[in-house]
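1. The following comprises the amino acid sequence and a computationally predicted model.
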Amino acid sequence: LFSNHYLDKLLPGEKEWGIETSFYFKEIKALYETNKERLPGLNESQLRKHFLDKVLEILGWTVDVEPPTPSGEWAKHPDYALFKDKENLRSAQSLSQEGYFSKAACIGEAKQWGRPLDRKLKSEADPFEVQNPSLQISRYLWLSGVQWGVLTDGKYWRLYERETSKRLDIYYEIDLPSLLEDGTEGDFKYFCLFFRKESFPEFVNKVYQGSVDYARVVGEELKGNVYQALKLIADGFLKTPGNGLSQEDLKDIHNNSLILLYRLLFVLYAECRDLLPLGKNQFYTESYSLDVLKKEVASKLDHGDSIALSTYQYWNKLKELFEVINSGNPELEVPPYNGGLFNPAKHKFLETCRAGDLYLARAIDFLTRSQDKAFIDYSSLEVRHLGSIYEGLLEYKLRIADQDLVSVKEKGKEIYVPLDEAEKKRKKIKEEEIVREGEAYLVTDKGERKASGSYYTPDYIVNYIIENTLRPLCDQITERIRAEIHKLEEKVKGSRGQNREVYQRKLEEIKTSFDDEVLKLKVLDPAMGSGHFLVRATEYLAEEVATNPYAWDEEAPEGEAAVSFYKRRIVENCIYGVDLNPLAVELTKLSLWLSTVAKNRPLNFLDHHLRCGNSLIGAKIEDLANLPDARKRQKKKEQPDQLGLGLFEDIFKERVFLLLGAFKQIEDLLSDTVEQIGQKEKLYQDFRRIVARFCDVADVWTSAYFGNEVGWKDYDQLQENLRAKEKEWQTLMASCSCFSKAKEIACDKHFFHWELEFPEVFFEGSRHKDNPGFDCVVGNPPYGDILDDTTKYFLEEVGFNSGGSGNNDVFRFFTEKGLYISNIGAYLGYIIPNTFLFDFPTALVFVQYFGVRSLPPMFWGV
C-alpha cells in the first residue's frame, strides 16, 4: 500500500516523525504483557473487550461499536466506526444511515486471535463470519464511503484504502507482538503513526499520495534507464573479444540482452518483495545478492574508482546468483524458481558469452538508481507498469555505428545523424547522446531513437475491459450453482435412505464448486505484448474465487493467502496468450511470474498456454482436406481423387485424446515443487512431439497462399504418412523442396494453427466440442498497421469479411479473428478505433454475423 522508499527514506524527514511515542509504547506494551498468555484463547468478542477496545482507546479513538451500514445488502455491520472525538460521534448518530459515516475517520473490523485474514473458513457456522476478512473490510469501505479501514486479529494490524481494497492483497501490515517483544520504541513509531487518531486522514493520505507519486516518477525515469541498460549490455557482449560476435549476430545479442534484463528485473523485484532472503540470510545478503552488487557498483561509480572493461567479476557473480535462483540452495534459503527464465539450457548464448565489468556496472546502476542517485524501490511499482516499460524495448532494433553518430531532434522526432553533420548544423549536442564508431545503438524500424510508447494501456481501461468481460462469466457460474443447490435441496427434502445420501453428497460438492468451474474458463489475449491484460485477468479471477461463498479448495497450503493460491492455479488453467514477437512471450511470462510468484514455490509452468505466433495466419482442421486455390495453380486432370479430410481427421482423432490428456495432466498438477514443474515440462514435450507432424501438414497447406508451389501428390503423400515412424517422416519432409520451403515460410510468417496449439479449447474426447472456443478474448490489438496484400488475400480466402471495405487496418482482422475463436456466449473486450463504425461493410459483419450488441466508448476516438 505504501512505498518502502517513502517509509524508510522520506518518512523520517516528515514533521510527524518527531512525535513522542513513549506513552503509547508503555501503555500498549503493558496491556499486551498483562493479556498475552490468554489472547490466543479468547473468542472475538472477548478479544475486543479485553484488548482491542483498550488499544484503540490508547490510540485516541472515540469508538462506536457495530455501527449500521447504509445498505440492506448485508445484515452485518463493521465492528467499529472510529471518530476523531465525541462531537463527531454525536453528530454522526444524529444523521441518517446514509450520512452517518461522513463523520467517521476510519472503520474497523476485528477477528479472533490467529484467524487467517486472507482466507475463508470452511464451517457450518454463520456464513458471513466464514468469509474472507479482507473482503469484509473492503465491502464495508465501499458501503460506507469511508476511505480508510483497519482489519486486525490483535496480532496483525492492517490498514486498507478503499480504492485499492478490492484487490484484497494491497494493505499496510504491522505485527504488533513482534514490535512489542523484539522491537525498540523507535520501531514502534510506525504502528503509532499509522493507527493513532491524529494520523487520519491528513497523514495517511500524504503517505499514500507520496507513494503513488514516487512510483509514477520512478516509472517515467525507468523508461529511459532500461533503454540505456539494454544498449550497455548489448555493447558489452559485442565488445568482448572472446565472444566472437559480429554484425551478423545482432539479433542474438539483442534478444539475449533482453533476457538478461528480464532476469535482473525478476531479482530486483524478488529481493524487494521478500521472495529472496535479502536481510534474512547473511550469506545470501553479503555474498550473492544483487543488492550488495548494486551498492558496490554505486560506490565505485560515485567515487570515480576504476572498473575494467575486460574483467568479468560482475558477470561471474551474476551467473552464480542465477544458478542459485534456478536450482535453489538450502544453505542460502533460496527455493528453486526454475520456470525457464534462469534455465541455462534454454539460454545457451548467456552460458557461452559474457560482458565486461564496466558495461554491466553501468547497466546495473541505470536499473537500480534514479536521477537523484537514490536506489529504486521496485516493490512500489506495479507489475503491469514494469511490463509496459520493458515492452517499449521490443520496438527497438540493435545496430552498430559505422561512424560517430549523435541523437538530435528534427521535426519533433529524435533520430541519429552523423556527428560531423550535426556539428556543421550547430545542433545542440550532449556528450551522453554520442555513439562512437563501432558501438551498439538502438533504433526503431522508422530509424527513431525513441519508441512510440503506444504499448502502454492505462490501468483504468484494462480494469474496465476485464471486469466487464469476466464479471458476467463469474456471475453466470454463481447463478448456475445457486439454481443447482435449490434443486438438490428440494430432492434431499423429498427423498429417503440411500437416495437422500447421494443427493446430500452432490449438494455438498456443488456448494464448493465455484473454483472448479472458474478453472474451466479460457481467457485469451491474441496480441499480448507484456501481458498487461492477462495479469489483470489472473488477478480478477483469483479475487472472484477467493471471495465467492461457493469456493473452497482443500489443497491450498496452510498460511497462504487465498488470492495468492488461486492466482497460481488460474494462471496455468485459464490464461492464454499469443504474440508475434518471441520476446513479448517471454516478457508476458515474466509479468505473470512476478504477479503470481509465491515464497518457497517454483515459478509456474506457462509454456503450454503462452505461445509465439501470428494470430491471423494459420489453418483450420476442416480446411486441410484440399489444397487451397488448386484449380488456379494446376490443371484439373492433375488432381487425383482426394483422400479428403477423412484421412487427416481419422488420424488426428486417434491422437487428439493423447493431446488433451497431456494438457489435462498439466492443468491438474499443482506447481508446488520442482519435480511437479519437471513433470509438466515432460508432458508438454510429449504433446509437442505428437502434434508436430499435424502442424507440418498445416504449414504446408498454409504456405500455398504465400508463394509455395505444393503439388497434390506431395500433399496426399504427407497425409498418407501421418502414421509413419519419425525417421520416415523426416526423410519424407526432406525429400521435397515444397516441404522445406513450407517450413521457411512458416518460420518467417509465424504460422499459428489454433486448434493444434490449444486443442483443449476446441476438442473434447475425439471430436469438436459442441461449443468450441474461448470464453473471453481481451486485449489491445495493433491498429494503424496495414496488412500486406498477400496476407489480406489469405484471410479473405479463409472466410474473413473485414477486408470488404478495402481498409487493410490490422485491427479489423484481429477483431474478427477474436470473434471466430470465441464460443457462443463468449465476451470480447478490445480497444479499437471507433472509425470502424462508419465503415458499413465491417460494422455489418459484427452486428449481423456475430450478433455484437454492446460497444461502450472508452474515450474520444476509441
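-> Great, that's in hand. Numbers count the residues shown, from 1 in each chain.

2. Can you list the low-confidence ranges for the protein?
-> In the predicted model of the chain, residues 70-75, 122-130, 450-456, 629-646, 802-807, 836-862 satisfy pLDDT under 70.

3. ok, now which ones touch the closest residue to E173 other than its chain neighbours?
-> Of all residues not flanking E173 in the chain, R158 sits nearest, at 4.8 Å (CB to CB, 6 or more residues apart in numbering). Where you see a C-beta, it was placed from the backbone N, CA and C, and this is true even at glycine. With contacts defined as CB atoms under 8 Å, 6 or more residues apart in numbering, the neighbours of R158 are 117, 137, 150-152, 171-173.

4. rerun at 7 Å
-> For R158, the contact set (CB atoms under 7 Å, 6 or more residues apart in numbering) comprises 117, 150-152, 171-173.

5. Over to V292?
-> Under the criterion of CB under 7 Å, 6+ apart, the contact partners of V292 comprise 285-286.

6. tell me which element it falls in.
-> With the criterion set as DSSP states H and E, the secondary-structure element containing V292 is helix 290-303.

7. picking up where we left off before, scan the contacts of R158 and report the most crowded one.
-> In terms of neighbour count, T152 stands highest of the contacts of R158 at 30 neighbours, by other CB atoms under 10 Å.

8. Mind listing the residues bridging to that residue?
-> Beta-bridge partners of T152, counted by DSSP bridges, are A110, W157.

9. Report the separation between it and L56.
-> Distance of T152 to L56, given as CB to CB, to the nearest Å: 10 Å.

10. just checking, D274 is part of a strand?
-> No: under DSSP: H, G, I helix; E, B strand; the rest coil, D274 sits outside any strand and is assigned coil.

11. What backbone torsions are found at the nearest residue to it once chain neighbours are set aside?
-> Beyond its immediate neighbours in the sequence, the residue positioned closest to D274 (CB to CB, 6+ apart) is K599, lying 7.0 Å away. Taking degrees, to the nearest 10, you get phi -60, psi 140 for the backbone angles of K599.

12. repeat for Y160
-> Here is the backbone geometry of Y160 (degrees, to the nearest 10): phi -110, psi 140.

13. mind checking how far it is from F533?
-> Counting by CB to CB, the gap from Y160 to F533 is 26 Å.

14. re earlier: and the two most separated of the contacts of R158?
-> Maximum pairwise distance in those, criterion CB to CB, is 13.0 Å, between L117 and Y172.

15. list the contacts for G387?
-> By CB under 7 Å, 6+ apart, the residues touching G387 are 530-532, 587, 591.

16. List the ones among those that fall in helices.
-> Of the positions in the contacts of G387, 532, 587, 591 sit in helices, assigned by DSSP state H.

17. quick one: the residue nearest to the first one when sequence neighbours are not counted from G577, how far?
-> Pointing back at H532 there. Spatial nearest neighbour of H532, excluding adjacent residues (CB to CB, 6+ apart): R384 at 5.0 Å. From R384 over to G577 the distance is 14 Å, taken as CB to CB.

18. Comparing those two, which residue is more hemmed in?
-> When R384 and G577 are compared for neighbours, G577 comes out ahead with 27 against 23, by other CB under 10 Å.

19. so that one touches T588, yeah?
-> Yes: in this structure, G577 is within contact of T588 by CB atoms under 7 Å, at 5.5 Å.

20. what sits in contact with each of the two?
-> With contacts defined as CB under 7 Å, 6+ apart, the residues shared by G577 and T588 are 528, 531, 534, 610.

21. hmm, back to that, need the next SSE after the helix holding V292, C-terminal direction.
-> Using DSSP H and E, the helix or strand that follows helix 290-303 in sequence is helix 313-327.

22. Now the helix or strand just after that following helix - C-alpha only, PDB.
-> Per DSSP H and E, the first helix or strand lying C-terminal to helix 313-327 is helix 349-352. What follows is helix 349-352 as a C-alpha-only set of coordinates in PDB (Å, rounded to 0.1, in the frame of the first residue of the first chain):
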ATOM      1  CA  PHE A 349      24.100 -17.600 -25.500                       C
ATOM      2  CA  LEU A 350      24.300 -16.400 -21.900                       C
ATOM      3  CA  GLU A 351      26.300 -19.500 -21.000                       C
ATOM      4  CA  THR A 352      28.900 -19.000 -23.700                       C
END
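
23. quick revisit: Y160 and F533 - which one has more neighbours?
-> Counted by other CB under 10 Å, Y160 and F533 do not tie: F533 has more neighbours, with 31 against 28.

24. hang on, the earlier thing: and the helix holding V292, how far out from the chain's middle?
-> Remark: helix 290-303 is offset 31 Å from the chain centroid, using CA atoms, centre = their mean, to the nearest Å.

25. do the same with stretch 560-576
-> Mean-position distance between stretch 560-576 and its chain equals 11 Å (CA atoms, centre = their mean).

26. again with stretch 386-405
-> Centroid displacement of stretch 386-405 relative to its chain, using CA atoms, centre = their mean, is 23 Å.

27. Give the buried residues for that stretch.
-> 386-396, 398-401, 404-405 (16 or more other CB atoms under 10 Å).

28. Next SSE downstream of whichever strand or helix holds S388?
-> If you go by DSSP H and E, S388 is part of helix 383-391. Toward the C-terminus, helix 383-391 is succeeded by strand 397-400 as the next helix or strand (DSSP H and E).

29. coming back round to it: and of the shared contacts of G577 and T588, the nearest to I233?
-> Nearest to I233 out of the shared contacts of G577 and T588 is G531 (CB to CB; 22.5 Å).

30. In this structure the closest one contacts T588, no?
-> Yes: with the criterion set as CB under 7 Å, G531 and T588 qualify as a contacting pair; they are 3.3 Å apart.

31. anything in contact with each of those two?
-> Taking CB under 7 Å, 6+ apart as the contact rule, the neighbours common to G531 and T588 are G577.

32. out of those two, which sits in the busier spot?
-> G531 (32 against 27).

33. ok, so what distance separates the more buried one from E161?
-> Shown here: G531 relative to E161, a distance of 26 Å by CB to CB.

34. Quick check: closest non-adjacent residue to S327.
-> With CB to CB, 6+ apart as the criterion, S327 has its nearest non-adjacent residue at 5.5 Å, and that residue is P336.

35. contacting residues around that neighbour?
-> Under the criterion of CB under 7 Å, 6+ apart, the contact list for P336 reads 326-328, 602, 674.

36. can you list the domain ranges for the protein.
-> If the domains of the chain are taken from automatic domain parsing, they occupy 4-200, 216-401+438-443, 781-849, with pieces of a single domain joined by a plus sign.

37. can you tell which of those is closest to Q717?
-> For the domains of the chain, proximity to Q717 was assessed by CB to CB; domain 781-849 is nearest, at 23.8 Å.

38. where does G60 fall, helix, sheet strand or coil?
-> G60 ends up coil, using three-state DSSP.

39. Surely it and S199 touch.
-> No: under the contact definition of CB under 7 Å, G60 does not touch S199, with a separation of 9.6 Å.

40. out of those two, which sits in the more crowded spot?
-> Neighbour totals were compared for G60 and S199, and S199 leads with 23 against 16 (other CB under 10 Å).
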